[in-house]
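**Q** my questions concern the predicted model and sequence given below.
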Amino acid sequence: MAVDKNMKVLIVDDYKTMLRIIRNLLKQLGFNDIDEATDGSMALQMMRAGAYGLVISDWNMEPMTGLQLLREVRADPKLKATPFIMVTAESKSENVIAAKEAGVSNYIVKPFNAETLKGKMVSVLGEF
Amino acid sequence: MSGRAVDKDLALRLEALRRDLGESVRIDQIADVVRAMLTGMSGDISAADLKLYHELESLAIYIHKARAEIASLRPREIQDHYIATATDELDAIVDATEAATNNILDAAEQIENALADAPPDLAERLSSVTTQIYEACNFQDITGQRINKVVKTLKDIETKVEALVAAFGPAIRAEEDHDRGAAEDDRPPTDDDLLNGPQLPHAASRQDEIDKLLASFD
């Protein structure tokens, strides 16, 4: 099934500059319905208020981290099926294992390029 | 003075310290007690007393030397000047790189907005270039996180220095002040003193202030 590029995408990062970079890269890939949150708790509120087809989240944020957000999402029956990509500078294997155990759909290490972002999105959502 | 008498005297002095100052007794005050006891020892001294005497004396000398060495490192200066300045400089780097990154992104977005007016071939090439710019701007996030880690480490060091100064008490400050007074005189600044590097934004002179200063020589 073809990916609907009109889906709502939520990007979560406490660095406004990073939100801007990811937004611009997503727009270049044809995704224009993009919302932003600056920590996990804000993202969770937004997810409970609207249906998102994909979440791209940083890990290291306060007060709620990306990992905590992921756990909350996977524990919520209405949200648990949402594709969730972690984009983070945390590159230790223990981080990747913890994210995988929490149910992450895919994992991107910063700094990343547009090709990696697209590749991970394709692996999660399918070809577009 | 027998070993038992020494124990009793020591216990009495420590009890007096506890009574006056509570459980938190500064190291220099303990050194004072040790010194007073050593001075007060007289009469018949047994071999055990003598051993204790020497050990206490060594301890007093060690504490005094350690205090002097720590004071010579000027822990207050490390805390109040060096660490504070370093963290301010690092914060300024984060702010400056963030501002520069946003300026670069502004320019890239303007190029992207103009793509609709460009011939398809050129538009495709420019789009590829803007992608590379976005990718390159990733550095700011990573740099910021690395610098914040360094700032946190510096703050941990600051806390440990503070604990050290608190443990050795006001004697450290007195010795530091004495050392500083001896080192600082009214000598004119050397060329090295003038090498301060970029100033933090709040301390930097604006171009118009510099122009005014230059004009004051005319």
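**A** Great, that's in hand.

**Q** what helix or strand is residue 101 on?
**A** In the absence of a named chain, this looks at chain A. Element membership of A:Glu101, judged by DSSP states H and E, is helix A:93-102.

**Q** I was thinking of chain B, sorry if that wasn't clear
**A** helix B:84-113.

**Q** again with A:Leu44
**A** helix A:40-49.

**Q** what residues of that helix count as buried?
**A** For helix A:40-49, the neighbour count (16 or more other C-beta atoms under 10 Å in any protein chain shown) marks A:Gly40, A:Ser41, A:Met42, A:Ala43, A:Leu44, A:Met46, A:Met47 as buried. The way it works is simple: take the backbone N, C-alpha and C, and place the C-beta from them, glycine included.

**Q** so which of those residues comes closest to A:Ile34?
**A** The shortest approach to A:Ile34 among the buried residues of helix A:40-49 belongs to A:Met46, at 11.8 Å (C-beta to C-beta).

**Q** still on that earlier bit, can you put the buried residues of helix A:40-49 in JSON lines and add pLDDT?
**A** Shown next, in JSON lines, are the buried residues of helix A:40-49 (pLDDT from 0 to 100):
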{"residue": "A:Gly40", "pLDDT": "97"}
{"residue": "A:Ser41", "pLDDT": "98"}
{"residue": "A:Met42", "pLDDT": "98"}
{"residue": "A:Ala43", "pLDDT": "98"}
{"residue": "A:Leu44", "pLDDT": "98"}
{"residue": "A:Met46", "pLDDT": "98"}
{"residue": "A:Met47", "pLDDT": "98"}
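
**Q** identify the residue nearest the residue of chain A found nearest chain B in space, chain neighbours excluded?
**A** In chain A, the residue that lies nearest chain B is A:Pro111 (3.5 Å; C-beta to the nearest C-beta). Distance criterion C-beta to C-beta, 6 or more residues apart in numbering or on different chains; nearest residue to A:Pro111, sequence neighbours excluded, is B:Asn138 at 3.5 Å.

**Q** SS state for the most centrally placed residue in chain A?
**A** Residue closest to the mean C-alpha point of chain A, counted by C-alpha atoms, centre = their mean, is A:Ile56 at 1.3 Å. The local conformation at A:Ile56, judged by DSSP: H, G, I helix; E, B strand; the rest coil, is strand.

**Q** how much space separates the residue nearest to A:Pro111 from A:Leu117?
**A** 11 Å (C-beta to C-beta, to the nearest Å).

**Q** A:Glu36 too?
**A** From A:Glu36 to A:Leu117 the distance is 16 Å (C-beta to C-beta).

**Q** who has more neighbours out of the two?
**A** Set side by side, A:Glu36 and A:Leu117 show more neighbours around A:Leu117, with 22 against 17, by other C-beta atoms under 10 Å in any protein chain shown.
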